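Enquirer: mind folding the following:
(2 chains)
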Amino acid sequence: MSLVIKVEDLGKLYRLGKVGTGTISHDLNRWFAKMRGKEDPTLKLGSTNDRTQKADSDYVWALKNINFEVNQGDVLGIIGRNGAGKSTLLKILSRTTSPSTGSYKTRGRIASLLEVGTGFHPELSGRENVFLNGAILGMTKQEIKRNFDEIVAFSGVERYIDTPVKRYSSGMYVRLAFAVAAHLEPEILIVDEVLAVGDQEFQDKCIGKMKDVAGQGRTVLFVSHNMVAIKNLCTRGLFMRNGQIEFDGTSQQAIDAYFSSMPKTSEKGIIPDDYPREYNTGKVFMRKIQLMNNADAVIDEVFFESKIKIRMTLFVIEEIKDAVIDVTFTSRDGIQITHSTNLFDDKTFFQLSKGEHEFEITMDNHFQPGNYSITTGVHLENGLTLEYLENIFDFSVLRSAGSDKEDFKYDWAHGWIRVPATWKQLS
Amino acid sequence: MQQEEKWDLVVKPQSSLFDINFKEVWRYRDLLVLFVKRDIVAVYKQTILGPIWFVLQPLVQTIVFNFAFSSSFSKEISGCPYFLFTFCGLTCWNYFAECLNNTSNTFINNASIFGKVYFPRLITPLSIVTSSVIKFLIQFVFFLALLVYFVASGRSGFEMSWYVLLVPFLIILMAFLGLSIGIIISSMTTKYRDLRFLIAFGVQLLMFLSPVLMRVSENPRIHFLQMLNPMSSILETFKFVFLGSGAGTISWMGLLYSTVFTIVSFFVAVVIFNKVEKSFMDTV
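Expert: Residues are numbered from 1 along each chain as shown, chains lettered A, B, ... in the order given. This is a model prediction of the structure:
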């Protein structure tokens, strides 16, 4: 195992507000400090990067005190909420911007895929653009020539290769662009969320390509919100928060750290008034969402196959005639598993007057043993959302079935849901 | 611990002033060639006349200026028709102006590429200058054809002299002058966009202060001011070589001044560019 990337004390400072068009006096100030051999005065000011808090300084650290090392063959997944500094880190590592403090060292050729089709010129033909784009990504003309037939075959646009790319459909454009990127042969591949664009087939191609690169013992750095991709692909995970590395370990551990860092309800499902709500119109507030057992005690663990009972309390500010309340169950990987609403399951709307209302949802428990999260919302018949709380409540389904039924005795289970089934031997 | 010494790349916030990795620029030479190809090919796609426009453009410009200024400026010129004089001046000036204008927009025009992929940023201004040189050479060949025609028909005199050897040097000098000033401006426009607008008509204005459409002034004070412009002695020499002493003069002091000016601004440009290329994405 040899080290291919070593990041030491990396930091990046941004100026808030009028980004870029900084005042001349600020510039002169910094310049004077530098001339006298002093520290850049703005570097001291920056506050940590927390976008929900109002800044007390004009400068903010998008990244601060970043230290990590990457070994050859590591497939490193970088996760974190929006604004955690993931993309800034990739930008610095792919050299499109420079750090404010600290340094990093790398060994081997780096290719970064922050976007596909960079530098495509609409007037040029597909053929010309393959060469141009390949050269921009760091290939030599010889390498492109050698791979040209393969690139074209991979893209599946042979027929149009001498047509200007402005005549391409967006799908063809992306396929050709990705085909070029896929034939890069870097020692280190840096990938931003290019996977977010394109259809399923394209995304699968991207993942497949990264698997290839990783399989050849090369190094991949990968930023994504797609936890499943991270989990399947990455050997290591880096969880970032507010511009700092919060956790560095296996990808599964990093994903767990990421989910447990989400804002949670304080005590037993009671949502405080100052809870950072993702979305709220001010017409209705959810005050409580709790999981109950048969004895009406609040719990966060459910016995295997025992009924799920959820109680929630809404405080209504303005009368609502046609409320639809929904609960979505998600896995810890962020996958939505199942969903229930009063409209779909009971074909009713709730009519809510001003004041407090309580609801109870009971449902069969078909979940496999494991950890789950609940996302809930209040909507109108016309689809308008009044209140939305993401991953507000975590619970686990135990292997134990309690006293009266049979436990789940096996070491493993695939997926999240158990569909009742019977097995018969016919011959 | 032994590994520590063999890093291929070390990135730090600050670097020394002349820290330009020419080896890396050389490694990306294919990209330079492709950029040049793109610049030249893409402009005239979907046109009927295609590359003929390279010649047609200065020709039309020359005709227009001839109508406008022939009566007032042609008296000062002897030994060649005013038409040839203007064409010669405009070809050189356009070449310089294009180098300057296009390099000064390097960062802004390429922000979308620069923000996504790293390659030595110097490739872009170098490719702009290279494609300008190619365009200039096409126009220059056309100019030579015109010259042959006018000499053959007896309307212009041409004496072959050793001064012709200066021409390649003049062409390089103009390119580097445009490149250097363009880079200095481009580095500043990433932050202060005002310069973009100033440059657009600044270059136009400068043309009328340079001996492009006319001779250098006889008035010693104006003459001195005109010669402060490093392009002036280049243009004068160029015209002297091809159109004779009635159209230009040669001054070694003037050429020395232009050369020193170019070298100094080139170094300033390299230093500034080197500083800006690392962090311009945050300011552009």
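Enquirer: what residues are up against whichever residue of the stretch 201-350 of chain A sits closest to chain B?
Expert: Using C-beta to the nearest C-beta, the single residue of the stretch 201-350 of chain A nearest to chain B is residue A:219, 13.1 Å away. C-beta here means a position set from N, CA and C on the backbone, and glycine is covered the same way. Listed by C-beta atoms under 8 Å, 6 or more residues apart in numbering or on different chains, the contact set of residue A:219 reads A:4-5, A:70-76, A:108, A:187-189.
Enquirer: out of these, who's nearest chain B?
Expert: The closest of the contacts of residue A:219 to chain B turns out to be residue A:108 (C-beta to the nearest C-beta; 6.3 Å).
Enquirer: tell me the pLDDT of the closest one.
Expert: pLDDT, residue A:108: 84.
Enquirer: flag every residue of the stretch 151-300 of chain A that's near chain B.
Expert: Neighbours of chain B within the stretch 151-300 of chain A, by C-beta under 8 Å from any C-beta of the partner chain: residue A:164.
Enquirer: and the residue of the stretch 151-300 of chain A closest to chain B?
Expert: Closest point on the stretch 151-300 of chain A to chain B, by C-beta to the nearest C-beta, is residue A:164, at 7.2 Å.
Enquirer: what is the neighbour count of that residue?
Expert: Using other C-beta atoms under 10 Å in any protein chain shown, residue A:164 has 18 other residues around it.
Enquirer: so it bridges to which residues?
Expert: In this entry, residue A:164 is beta-bridged to residue A:125, by DSSP bridges.
Enquirer: pLDDT score assigned to it?
Expert: 90.
Enquirer: ok, it - contacts?
Expert: Residue A:164 makes contact with A:122, A:123, A:124, A:125, B:45, according to C-beta under 8 Å, 6+ apart.
Enquirer: 10 Å instead, please
Expert: A:121, A:122, A:123, A:124, A:125, A:126, A:128, A:129, B:42, B:45, B:46 (C-beta atoms under 10 Å, 6 or more residues apart in numbering or on different chains).
Enquirer: in ChimeraX, how would I select the buried members of these?
Expert: Those of the contacts of residue A:164 that count as buried under 16 or more other C-beta atoms under 10 Å in any protein chain shown are selected in ChimeraX with:
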select /A:121,123,124,125,126,128,129
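Enquirer: switch the contacts of residue A:164 over to a markdown table; also include distance to residue B:275 and pLDDT.
Expert: Listed next are the contacts of residue A:164 as a markdown table, based on distance: C-beta to C-beta, whole Å; pLDDT from 0 to 100:
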| residue | distance to residue B:275 | pLDDT |
| --- | --- | --- |
| A:121 | 29 | 88 |
| A:122 | 33 | 87 |
| A:123 | 34 | 87 |
| A:124 | 33 | 88 |
| A:125 | 38 | 90 |
| A:126 | 38 | 91 |
| A:128 | 34 | 91 |
| A:129 | 32 | 91 |
| B:42 | 31 | 81 |
| B:45 | 36 | 78 |
| B:46 | 40 | 77 |
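Enquirer: switch the contacts of residue A:164 over to a markdown table; also include secondary structure.
Expert: A markdown table is the format used below for the contacts of residue A:164 (DSSP: H, G, I helix; E, B strand; the rest coil):
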| residue | secondary structure |
| --- | --- |
| A:121 | coil |
| A:122 | coil |
| A:123 | coil |
| A:124 | coil |
| A:125 | strand |
| A:126 | helix |
| A:128 | helix |
| A:129 | helix |
| B:42 | helix |
| B:45 | coil |
| B:46 | coil |
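Enquirer: just the contacts of residue A:164 now: which is nearest residue A:313?
Expert: Closest approach to residue A:313 among the contacts of residue A:164 (C-beta to C-beta): residue A:122, at 56.7 Å.
Enquirer: going through the contacts of residue A:219, which ones are buried?
Expert: For those, a burial check counting by 16+ other C-beta under 10 Å picks out A:4, A:5, A:70, A:72, A:73, A:74, A:75, A:76, A:108, A:187, A:188, A:189.
Enquirer: can you list phi and psi of the first one for me?
Expert: Think residue A:4. With angles defined as degrees, to the nearest 10, residue A:4 sits at phi -110, psi -20.
Enquirer: what of the fourth one?
Expert: According to degrees, to the nearest 10, the main-chain angles of residue A:72 amount to phi -60, psi 140.
Enquirer: so it sits right up against residue A:187, yeah?
Expert: Yes - the criterion here is C-beta atoms under 10 Å, and residue A:72 meets it with residue A:187 at 7.8 Å.
Enquirer: quick check: neighbours shared by these two?
Expert: In contact with both residue A:72 and residue A:187: A:4, A:107, A:108, A:217, A:218, A:219, using C-beta under 10 Å, 6+ apart.
Enquirer: how about those in CSV, adding secondary structure and distance to residue B:193?
Expert: Below are these laid out as CSV (DSSP: H, G, I helix; E, B strand; the rest coil; distance: C-beta to C-beta, whole Å):
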residue, secondary structure, distance to residue B:193
A:4, strand, 40
A:107, coil, 39
A:108, coil, 38
A:217, coil, 47
A:218, coil, 41
A:219, strand, 39
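Enquirer: tell me the two of these that are most distant?
Expert: Farthest apart among the shared contacts of residue A:72 and residue A:187 by C-beta to C-beta are A:107 and A:217. That separation is 13.9 Å.
Enquirer: neighbour count winner among these two?
Expert: Ranked by neighbour count (other C-beta under 10 Å), residue A:107 and residue A:217 place residue A:107 first, with 19 against 9.
Enquirer: ok, the more buried one to residue A:72 distance?
Expert: 8 Å (C-beta to C-beta, to the nearest Å).
Enquirer: likewise for residue A:180?
Expert: Using C-beta to C-beta, residue A:180 is found at 25 Å from residue A:72.
Enquirer: repeat that for residue B:86.
Expert: Distance of residue B:86 to residue A:72, computed by C-beta to C-beta: 64 Å.
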